[in-house]
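Novice: generate coordinates for the sequence data below:
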Amino acid sequence: MSPALETSLYVFGLIALGYLSGLTGYLKTETGDALTQFAVGIALPLLLFRTMIGADFHGSAPWALWLAYFSAVAVAWAAGHLVTTRIFGRDSQAGVVGGVSSAFSNLVLLGIPLSLGFFGQEGFEILSLLIAVHLPTLIMASMILFAIFSHDRSKKVEPLPLIRDFLRRMARNPLVIGILLGLAWRLTGQPLPGLAARLVDALAGIAGPLALFAVGLSLRKFGITGNVGPALALSAIKLGLMPAAALVAALLFGLPPLTAKVAVAAAALPSGVNSYLIATQFGTGQALASNQMTIATACAVVTTAFWLSIAQMVFG
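Specialist: The predicted model follows:
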């Protein structure tokens, strides 16, 4: 069995176990919410905190990485928006949801365990460079586009309220807090005290498997609620067009081999719950985002292994 397929089966196997636990009634779907809250609120922030303290980012080409990855994000977002509005006839705000669903990779709950399993600690450190800017960039873009495409055209887009709302969100986000605290501790040049390091290691060590199981259990709650056509089209963009665009961009920007492979793998990940949360907050496209997330996650067991293999062949 190829390493790409084995890693993909491991990651999505844990998701399947979580889903089956909910499907059979062995665990309540509400348990998935609690596990996700623990993973996102405590375990994963501590993993990022630990990584920021000890990571060696030399040679990771952050600016080139960011340009390559977000070029792929822009391509997928534009395609998702156009497909939603021009082909399926939805309004422009639903088009924003289509764009988010096509471009918002699940870098944390899926990306972290996948990166650690396939690329090791060095690859995870590169992924952390994306995680540090991914959520703030896409949340801000979503807020701006929803304001621009507001149905009430008489209202001007006021930048200051948007900025205040954005900063409040980021200040409360545990992942952002974990990254910033890790960078702050890194500046001190001091190692973590022994007891603190043991506590951080214990919780960070369970972050990946716990997150994957929680994703599967939570998917049982979302399911598929009609309008499958648009969700399938957006899933094809997310799992096909976006990683292809990332691969081309990685070549154009001359990314180092490991950095390029991480960028392609990150782009190949299915959408996470953030696209659904964004749709819920703005009151449009919830079913579209939910369907797309469920379908893309189910299909990603095959497509992720495919893109991992392609990236390995192209970049060595």
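Novice: and the gap between residue 11 and residue 85?
Specialist: Plainly put, residue 11 is 33 Å away from residue 85 if you go by Cβ to Cβ, to the nearest Å. Quick note: C-beta positions are derived from backbone N, CA and C, even for glycine.
Novice: neighbour count winner among those two?
Specialist: Neighbours per residue (other Cβ atoms under 10 Å) separate residue 11 from residue 85, with residue 11 holding more: 27 against 19.
Novice: now residue 42, nearest residue through space, not along the chain?
Specialist: When the adjacent residues along the chain are set aside, residue 42 lies closest to residue 203, with 6.2 Å between them (Cβ to Cβ, 6 or more residues apart in numbering).
Novice: now for the one you found: which residues touch it?
Specialist: Contact criterion Cβ atoms under 8 Å, 6 or more residues apart in numbering gives 42, 43, 46 as the residues in contact with residue 203.
Novice: gap between the residue nearest to the second one when sequence neighbours are not counted and residue 32?
Specialist: Yep, that's residue 43 we're talking about. By the measure of Cβ to Cβ, 6+ apart, the closest residue to residue 43 outside its immediate chain neighbours is residue 207, 3.8 Å from it. Residue 207 sits 16 Å away from residue 32, taking Cβ to Cβ as the criterion.
Novice: what of residue 184?
Specialist: 32 Å.
Novice: more neighbours: these two, which one.
Specialist: For the pair residue 184 and residue 32, the greater number of neighbours falls to residue 32 (23 against 12), based on other Cβ under 10 Å.
Novice: for the protein, what's the longest helix?
Specialist: What stands out as the longest helix in the chain, according to DSSP state H, is helix 112-148.
Novice: list the buried residues in that one.
Specialist: For helix 112-148, burial by neighbour count (16 or more other Cβ atoms under 10 Å) applies to 112-119, 122-132, 134-136, 138-143, 145-147.
Novice: stretch 200-210 too?
Specialist: By neighbour count with 16+ other Cβ under 10 Å, stretch 200-210 contains the buried residues 200, 203, 204, 207, 208, 209, 210.
Novice: OK, contacts around residue 90?
Specialist: With contact taken as Cβ under 8 Å, 6+ apart, residue 90 is in contact with 84, 98, 230, 285, 288.
Novice: what helix or strand does the last one sit in?
Specialist: So the one you mean is residue 288. Here residue 288 sits within helix 286-315, counting by DSSP states H and E.
Novice: mean confidence score for that helix?
Specialist: Mean per-residue pLDDT for helix 286-315: 91.
Novice: over to the residue nearest to the spatial centre of the chain: give its phi and psi.
Specialist: When the chain is reduced to its mean C-alpha position, the closest residue under Cα atoms, centre = their mean turns out to be residue 106, at 2.2 Å. Backbone geometry at residue 106, expressed as degrees, to the nearest 10, gives phi -80, psi 70.
Novice: which residues sit in contact with the spatially closest residue to it that is not a sequence neighbour?
Specialist: Excluding its sequence neighbours, the residue lying closest to residue 106 (Cβ to Cβ, 6+ apart) is residue 272, at 3.2 Å. Neighbour list for residue 272: 104, 105, 106, 107, 108, 109, 110, 215, 293 [criterion: Cβ under 8 Å, 6+ apart].
Novice: again with residue 138
Specialist: Residue 138 makes contact with 73, 100, 103, 104, 274, according to Cβ under 8 Å, 6+ apart.
Novice: next helix or strand past the helix or strand encompassing residue 36?
Specialist: When secondary structure is defined using DSSP H and E, the element that contains residue 36 is helix 29-38. Downstream of helix 29-38, the first helix or strand assigned by DSSP H and E is helix 44-54.
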